[in-house]
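*Asks:* Show me the folded form of this:
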Amino acid sequence: MRIEPERLAYWYLRLNGFFTVTNFLVHPETRKDYSTEVDVLGVRFPFRKENFKRPMTDDELFTRHDGRLCLVIAEVKSGPCDLNESWGNPEKRNMEKVLAAIGVFPQSCCWTVADSLYKIGCFQDDNNWLSLLCIGRCSNEAIQNSFSRVPQITFDDILRFIHRRLVEYLDVKEQHEQWDCDGQALWETVSSHRREDEFLGVVHVELDTSTRGPNPSSQATPAS
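*Replies:* Residues are numbered from 1 along each chain as shown. Predicted coordinates:
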């Protein structure tokens, strides 16, 4: 099967309990400004649990923050992990605009949170964890050097998580008629390739340059 990088990122976050919005656009305040776009914006609530009989274990990157609201601003690349220049430029105030549009913090706190995001790529207090999140084909040493606290997740990392989750809960996830075509294709591919190496060998993450209509998953969606 073939899947676009942003769609893979979307399903990774969704299966980890995030409510997600793709192509989250913050419109400019004046004609001279530029709009700001987040590839995938995800919010995971503090007490996320799924399946009472066999509780699902989400990625440790997120479970270490259980008890906090988790918000990720995911930057997705088809090549190595990277961040757009706009996320590191305080003069453009893009962080402040995104935080205000989301509404997690009162406006009086947005400046402090944004400043931390500009400097180290994340912010944490007793109740919240916010972070930039790099997703790409491979990790990027330059990002590690500049923003060591920003997680870098590779496509293979994501595919391994999805395979592990769906193999373990294949019966639970069998009723997935409401999933989009990518989610259904992932379930079908895992169903027919129970070995991880086989699954990684048949899933190709690449951009689709063909003309496509509106993405139905650009709306906020539940975790499972």
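*Asks:* What helix or strand is Cys134 located in?
*Replies:* Element membership of Cys134, judged by DSSP states H and E, is strand 128-136.
*Asks:* Counting by contacts, list what that strand packs against.
*Replies:* helix 5-15, strand 69-76, helix 107-120, strand 122-124, strand 152-154, helix 155-168 (3 or more C-beta pairs under 8 Å, 6 or more residues apart in numbering; DSSP states H and E). Glycine gets a C-beta too; all of them are placed from N, C-alpha and C.
*Asks:* So what touches the following helix or strand past it?
*Replies:* Elements were assigned by DSSP H and E; along the chain past strand 128-136, the next helix or strand is helix 141-146. Under the criterion C-beta atoms under 8 Å, 6 or more residues apart in numbering, residues Cys81, Asp82, Leu83, Gly88, Cys134, Val150, Gln152 lie in contact with helix 141-146.
*Asks:* what ranges of the chain fall below the confidence cut-off?
*Replies:* The chain contains residues with pLDDT under 70 at 31-34, 209-224.
*Asks:* circling back: any chance of the contacts of helix 141-146 in TSV with neighbour count, secondary structure and distance to Ala74 as columns?
*Replies:* What follows is these, written out as TSV (neighbours: other C-beta atoms under 10 Å; DSSP: H, G, I helix; E, B strand; the rest coil; distance: C-beta to C-beta, whole Å):
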residue	neighbour count	secondary structure	distance to Ala74
Cys81	24	coil	11
Asp82	16	coil	12
Leu83	20	coil	11
Gly88	17	helix	16
Cys134	24	strand	8
Val150	22	coil	11
Gln152	19	strand	11
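*Asks:* which of those sit farthest apart?
*Replies:* Of all pairs drawn from those, the one with the largest separation by C-beta to C-beta is Gly88 and Gln152; the distance is 15.5 Å.
*Asks:* now the end-to-end length of stretch 88-106.
*Replies:* In stretch 88-106, first residue to last residue: 22 Å (C-alpha to C-alpha, to the nearest Å).
*Asks:* what comes up buried for it?
*Replies:* By neighbour count, with 16 or more other C-beta atoms under 10 Å as the criterion, the buried positions of stretch 88-106 are Gly88, Arg93, Asn94, Met95, Glu96, Lys97, Val98, Leu99, Ala100, Ile102, Phe105.
*Asks:* Name all residues that make contact with Glu4.
*Replies:* Val205, Glu206, Leu207, Asp208.
*Asks:* List just the nearest of these to Ile158.
*Replies:* Compare each of the contacts of Glu4 with Ile158 using C-beta to C-beta and the shortest gap goes to Val205, at 8.5 Å.
*Asks:* Nearest spatial neighbour of the closest one, chain-adjacent residues omitted?
*Replies:* Distances taken as C-beta to C-beta, 6 or more residues apart in numbering put Phe155 closest to Val205, at 4.6 Å, once the chain neighbours are dropped.
*Asks:* okay but that neighbour is in contact with Arg7, surely?
*Replies:* No. Counting by C-beta atoms under 8 Å, Phe155 does not reach Arg7; the two are 11.4 Å apart.
*Asks:* re earlier: JSON lines for the buried residues of stretch 88-106, including secondary structure and distance to Glu174?
*Replies:* Compiled in JSON lines, these are given as follows (DSSP: H, G, I helix; E, B strand; the rest coil; distance: C-beta to C-beta, whole Å):
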{"residue": "Gly88", "secondary structure": "helix", "distance to Glu174": "44"}
{"residue": "Arg93", "secondary structure": "coil", "distance to Glu174": "46"}
{"residue": "Asn94", "secondary structure": "helix", "distance to Glu174": "42"}
{"residue": "Met95", "secondary structure": "helix", "distance to Glu174": "41"}
{"residue": "Glu96", "secondary structure": "helix", "distance to Glu174": "44"}
{"residue": "Lys97", "secondary structure": "helix", "distance to Glu174": "42"}
{"residue": "Val98", "secondary structure": "helix", "distance to Glu174": "37"}
{"residue": "Leu99", "secondary structure": "helix", "distance to Glu174": "39"}
{"residue": "Ala100", "secondary structure": "helix", "distance to Glu174": "41"}
{"residue": "Ile102", "secondary structure": "helix", "distance to Glu174": "34"}
{"residue": "Phe105", "secondary structure": "coil", "distance to Glu174": "40"}
